[in-house]
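Visitor: need a structure here:
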Amino acid sequence: NLGGVCFKEDLCVWESIGSLCVTFIFLISGLKLKTDAIKKAFSSWVVILVGIASILFITPLLGFAIVKIDYGISEFAIGLAIFFAMPTTLSSGPILVGQAKGNVALALLLTVSTNILGIFISPLFITAIISIYQRGLNSGSDDVDISLDPVPMIVKLVFTILVPLIVGKLLQNITVIRTVVKKRGTELKLLSSLLLAIVPWMKISSSADSFKNVDARSFFLMWLTGIIVHFIYLAGNFAVSRYLLKLDQPEEAALVIVCSQKTLPVAITILEFLPTEVVGAPGLVAIPMIMSHLMQILIDAVIASRLASKANPELESDSGSDDQDAGALNDVEETQSASSGAAEQDMAYRLSGREAGVGESGIEQASEPLTASPHSEADPEAPPRPSNAGSFETVAI
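Guide: Model (predicted):
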């Protein structure tokens with residue numbers, strides 16, 4: 001642990017630089033939290049309850065099966081199990097929902113509510129999962145204490161996550177701070193990303209010596225498990241939203257994406273509070289968390305793009321109709337040009353016939369209006385009578 005005396009005192013909430021970084025991450029999240037949009041989603045209370053149940057109670061159940069898988073490296077199993085027992089992501093979920101033309105207000109409500117409730121619920125799942133994990137490691141031993149009290153973990157999560165989030169939200173009421181947050185939104189986002197990168201980096205670095213025990217087979221199985229579990233989450237949430245709840249596309253996108261993702265900062269924070277003699281090398285435990293988090297973002301980015309294209313199918317049809325309209329307009333212009341040219345040729349032919357004294361009745365009748373000008377002798381300043389060429393052009397248009 002780094003940071004001096006503070007991290008060595010029992011009264012200090014922050015046990016390391018990593019937990020302090022997580023506190024600043026949630027403080028920044030509170031500064032940028034927009035609750036006005038969340039209020040709009042309270043009308044969809046059935047969807048909210050289903051989403052909370054999926055994120056906090058249903059999806060974590062797979063952790064009890066994952067923790068029993070033999071990857072060759074026991075830390076991979078407990079890392080995946082802890083990660084999949086977490087609430088949903090803090091920022092990537094709502095962002096991807098927005099890209100998918102989904103209900104962002106619903107996504108924000110599920111994100112905030114599950115991350116707050118997860119402070120009290122996730123440690124209970126983690127305690128049960130670790131108990132099963134230790135029984136598997138010490139199946140032949142009867143004198144191993146596998147008890148893990150979740151209460152201290154909940155208290156630390158409250159001060160590390162919930163309190164900074166509330167403080168950040170309250171600071172929005174100060175005009176100066178609110179103005180700075182609006183002007184420096186990009187810088188705050190980059191700072192939050194930097195802190196998020198520092199936390200797992202420190203965990204991995206603390207167990208660098210253990211990496212020599214990682215083989216390609218164990219790493220591949222861990223990586224493949226993370227992908228398969230995420231697709232199971234996506235399929236289950238899609239089936240519930242499409243066939244059980246029969247949601248519209250915006251709500252369906254929000255429920256499927258948000259309920260299928262898991263947050264990395266909370267997982268790393270809980271890992272900070274777990275003793276190494278219980279979970280093993282922290283760096284090895286963090287590897288499956290990081291890999292699963294990255295893969296779910298990449299997969300859901302592709303899904304969000306597909307959902308966005310399906311949400312606006314008229315764009316492609318509009319593009320096709322525009323091409324057809326442009327082609328039709330070109331045809332009209334060509335017809336106008338051809339008609340005008342034909343009219344000019346016809347008029348020239350009739351004029352030449354009149355000058356030559358052609359006596360055909362058709363040409364005589366057609367040529368008479370060209371010479372009949374009642375204004376020419378009576379009123380020289382009167383506007384000239386429109387020619388038949390003009391009438392031909394009008395008809396052509």
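
Visitor: Need the three-state assignment for the residue lying closest to residue 60 once chain neighbours are set aside.
Guide: Of all residues not flanking residue 60 in the chain, residue 85 sits nearest, at 3.9 Å (CB to CB, 6 or more residues apart in numbering). (Each C-beta comes from the backbone N, C-alpha and C, glycine too.) Look at residue 85: counting by DSSP: H, G, I helix; E, B strand; the rest coil, its state is coil.

Visitor: Return the residues in contact with residue 85.
Guide: 60, 63, 122, 125-126, 129 (CB atoms under 8 Å, 6 or more residues apart in numbering).

Visitor: And for residue 120?
Guide: For residue 120, counting by CB under 8 Å, 6+ apart, the contacting residues are residue 154.

Visitor: again, but for residue 270
Guide: When contacts are counted by CB under 8 Å, 6+ apart, residue 270 touches 82, 86, 122-123, 126, 153, 157.

Visitor: any idea how far the helix or strand where residue 197 lies is from the chain center?
Guide: Element membership of residue 197 [criterion: DSSP states H and E] is helix 185-206. Helix 185-206 sits 20 Å away from the centroid of its parent chain (CA atoms, centre = their mean, to the nearest Å).

Visitor: just the CA coordinates of it, formatted as PDB?
Guide: The C-alpha trace of helix 185-206 is given here as PDB (Å, rounded to 0.1, in the frame of the first residue of the first chain):
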ATOM      1  CA  GLY A 185     -16.300  18.100 -19.300                       C
ATOM      2  CA  THR A 186     -13.700  16.600 -21.600                       C
ATOM      3  CA  GLU A 187     -10.900  17.000 -19.200                       C
ATOM      4  CA  LEU A 188     -12.900  15.500 -16.400                       C
ATOM      5  CA  LYS A 189     -13.800  12.500 -18.600                       C
ATOM      6  CA  LEU A 190     -10.100  12.000 -19.400                       C
ATOM      7  CA  LEU A 191      -9.200  12.200 -15.800                       C
ATOM      8  CA  SER A 192     -11.800   9.600 -14.900                       C
ATOM      9  CA  SER A 193     -10.400   7.400 -17.600                       C
ATOM     10  CA  LEU A 194      -6.900   7.800 -16.400                       C
ATOM     11  CA  LEU A 195      -7.900   6.900 -12.800                       C
ATOM     12  CA  LEU A 196      -9.800   3.900 -14.100                       C
ATOM     13  CA  ALA A 197      -6.600   2.800 -15.900                       C
ATOM     14  CA  ILE A 198      -4.400   3.300 -12.900                       C
ATOM     15  CA  VAL A 199      -6.500   1.100 -10.600                       C
ATOM     16  CA  PRO A 200      -6.200  -2.200 -12.500                       C
ATOM     17  CA  TRP A 201      -2.600  -1.300 -13.600                       C
ATOM     18  CA  MET A 202      -1.600  -1.100  -9.900                       C
ATOM     19  CA  LYS A 203      -3.200  -4.400  -9.200                       C
ATOM     20  CA  ILE A 204      -1.600  -6.200 -12.100                       C
ATOM     21  CA  SER A 205       1.800  -4.700 -11.300                       C
ATOM     22  CA  SER A 206       1.600  -5.900  -7.700                       C
END
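
Visitor: how much space between the residue lying closest to residue 97 once chain neighbours are set aside and residue 33?
Guide: Sequence neighbours aside, residue 107 is the residue nearest to residue 97 in space, at 4.1 Å (criterion: CB to CB, 6+ apart). From residue 107 over to residue 33 the distance is 13 Å, taken as CB to CB, to the nearest Å.

Visitor: now residue 273
Guide: Taking CB to CB, one finds residue 273 at 24 Å from residue 33.

Visitor: repeat for residue 172
Guide: 8 Å.

Visitor: With residue 299 instead?
Guide: Residue 299 is 26 Å from residue 33, by CB to CB.

Visitor: what about these two, which has more around it?
Guide: residue 33 (19 against 16; other CB atoms under 10 Å).

Visitor: how about the nearest residue to that one, chain neighbours excluded?
Guide: Distances taken as CB to CB, 6+ apart place residue 169 nearest to residue 33, at 5.3 Å, with adjacent residues excluded.

Visitor: Go through the host helix or strand of that neighbour and flag the buried ones.
Guide: Assigned by DSSP H and E, residue 169 belongs to helix 163-171. Using 16 or more other CB atoms under 10 Å as the test for burial, helix 163-171 gives 163-165, 168-169, 171.

Visitor: Kindly report the same for stretch 294-313.
Guide: Result for stretch 294-313 [16+ other CB under 10 Å]: buried residues 295-297, 299-300, 303-304, 307-308.
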